[in-house]
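Participant: sequence and computational prediction follow.
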Amino acid sequence: MTDRAHLLTNFINTSGWSDATRITVAGDASNRRYERLTKPDGTTLILMDAPADKGEDVRPFIEVAEHLRSIGLSAPEIIQRDVDRGFLLIEDLGDDLFKTVIARDPSLELPLYEASVDVLTVLHAAPLPTLEPYSSDTMTSFAARAYDWYLFGVTGARDTREQAEFEHIMATLLAPLDSAPQVLVQRDYHAENLLWLPKRTGAARVGLLDFQDAMSGHAAYDLVSILQDARRDVPPTIEATMLDRYLAQNPQDAEAFRAAYAILGVQRNLRILGAFAKLCIALGKPQYIDLIPRVWEFVERNLAHPALTPVADHIIQTLPAPTPDILEVLKSKCAA
């Protein structure tokens, strides 16, 4: 048994769960690991193992979870914690991820997305806790990962001149969003991080996961995240209806909001494009390459908005579309 495994077992035992069975729960793209603990009487909790030596830190998760719960949203309750070692026992919100529930009962697709918008309305009306800003500079740097990793993976080289021009134009487009009203943005708000809790009421019917990277940013960001989902197809009619729903619940300059939505859609999806290429090339996870065509479709869709005219041609000319041949090139470099 490794030292960390021994510490983990000791944490479970001293928390009163020594008699629980342990089953691994599907993880994510991070270094966090999850298990479901089940006592003989059927009581369950989720164990989070987030090793600091791999860059993980449970404190942001705890702080954001407590904020979300304080405004009536369904983040997991923290039952037991060892912050220094990166161990948490948290409330088990079940397995009914939006993606799973919709696949099982397609008639629930619309009400689930309506509930996801209602969560954002509650969240955006709440006081903003102290968070690092998701500023135009940060967002530009993240979007440029499409050049750092996707373009590099395809060509084997980095075009610093083309990337620098992209960063200049993108920063100019994003800068006005820094002065818009800021809200908590979870940054990974999508159908595989949301759980359906139909026995609860209102916005609390949506269980929230994977929010530890929250920052302060523009209100359109999480809406883009849920409606332009890299992992599942959201019907265009649902996307349009949910945009209308959010604007009806949060009256404002609709044209300006839709422009911000498109700009953030390009930023977010270029970041994901780079992230998926990196997950393959650097971390040996080729399955993410299969998601790239959907992400590219979002990039093209958002670039069609007039607000993106200054950068659209540059992106299309400098970033190659993910043809089947290009996807195979990326997979051939997996963990290389």
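Facilitator: All right, it came through fine.
Participant: okay but residue 149 is in contact with residue 274, surely?
Facilitator: Yes. Using CB atoms under 8 Å, residue 149 is in contact with residue 274, at 4.3 Å. In this view, the C-beta of every residue, glycine as well, is placed from N, C-alpha and C.
Participant: start to end distance for stretch 278-295?
Facilitator: With CA to CA, to the nearest Å applied, stretch 278-295 spans 15 Å between its terminal residues.
Participant: again, but for stretch 302-318
Facilitator: Rule used - CA to CA; the end-to-end distance of stretch 302-318 is 17 Å.
Participant: report the buried residues of that stretch.
Facilitator: Using 16 or more other CB atoms under 10 Å as the test for burial, stretch 302-318 gives 302, 303, 305, 307, 308, 311, 312, 314, 315, 318.
Participant: out of these, which comes closest to residue 104?
Facilitator: Nearest to residue 104 out of the buried residues of stretch 302-318 is residue 302 (CB to CB; 30.6 Å).
Participant: so which strand or helix has that closest one?
Facilitator: Residue 302 belongs to helix 292-303 when assigned by DSSP states H and E.
Participant: show me what that helix is packed up against.
Facilitator: If contacts are counted by 3 or more CB pairs under 8 Å, 6 or more residues apart in numbering; DSSP states H and E, helix 292-303 sits against helix 254-281, helix 309-318, helix 324-332.
Participant: what are the contacting residues of it?
Facilitator: The set of residues external to helix 292-303 that reach it, using CB atoms under 8 Å, 6 or more residues apart in numbering, is 150, 228, 230, 233, 262-263, 265-266, 269-270, 272-273, 276-277, 308, 311-312, 315-316, 321-322, 327, 330.
Participant: and the angle from that helix to helix 254-281?
Facilitator: 150 degrees (axes from the mean of the first three to the mean of the last three CA atoms, to 10 degrees).
Participant: buried stuff in helix 292-303?
Facilitator: Within helix 292-303, judged by 16+ other CB under 10 Å, the buried ones are 292, 294, 295, 296, 298, 299, 301, 302, 303.
Participant: mean confidence score for the helix or strand hosting residue 248?
Facilitator: For residue 248, the element it lies in under DSSP H and E is helix 236-249. Helix 236-249 carries an average pLDDT of 98.
Participant: on that earlier part again, looking at the helices and strands packed on helix 292-303, which one is packed in the most?
Facilitator: Of the helices and strands packed on helix 292-303, the one with the most neighbours on average (mean count of other CB atoms under 10 Å) is helix 254-281, at a mean of 22.
Participant: mind exporting the C-alpha coordinates of stretch 190-201 to PDB?
Facilitator: These are the backbone C-alpha positions of stretch 190-201, laid out as PDB (Å, rounded to 0.1, in the frame of the first residue of the first chain):
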ATOM      1  CA  HIS A 190     -22.500  21.200 -19.000                       C
ATOM      2  CA  ALA A 191     -24.600  18.100 -19.200                       C
ATOM      3  CA  GLU A 192     -22.000  15.800 -17.700                       C
ATOM      4  CA  ASN A 193     -21.500  18.000 -14.600                       C
ATOM      5  CA  LEU A 194     -25.200  18.500 -13.800                       C
ATOM      6  CA  LEU A 195     -27.400  16.100 -11.900                       C
ATOM      7  CA  TRP A 196     -31.200  15.900 -12.000                       C
ATOM      8  CA  LEU A 197     -32.700  15.900  -8.500                       C
ATOM      9  CA  PRO A 198     -36.500  15.900  -9.300                       C
ATOM     10  CA  LYS A 199     -37.500  15.500  -5.600                       C
ATOM     11  CA  ARG A 200     -36.200  19.000  -4.900                       C
ATOM     12  CA  THR A 201     -37.800  22.200  -6.000                       C
END
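Participant: rewinding a little: mind putting the buried residues of stretch 302-318 into a markdown table with pLDDT and distance to residue 43?
Facilitator: What follows is the buried residues of stretch 302-318, written out as a markdown table (pLDDT from 0 to 100; distance: CB to CB, whole Å):
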| residue | pLDDT | distance to residue 43 |
| --- | --- | --- |
| 302 | 98 | 46 |
| 303 | 98 | 50 |
| 305 | 98 | 50 |
| 307 | 98 | 51 |
| 308 | 98 | 51 |
| 311 | 98 | 53 |
| 312 | 98 | 54 |
| 314 | 97 | 56 |
| 315 | 98 | 51 |
| 318 | 96 | 55 |
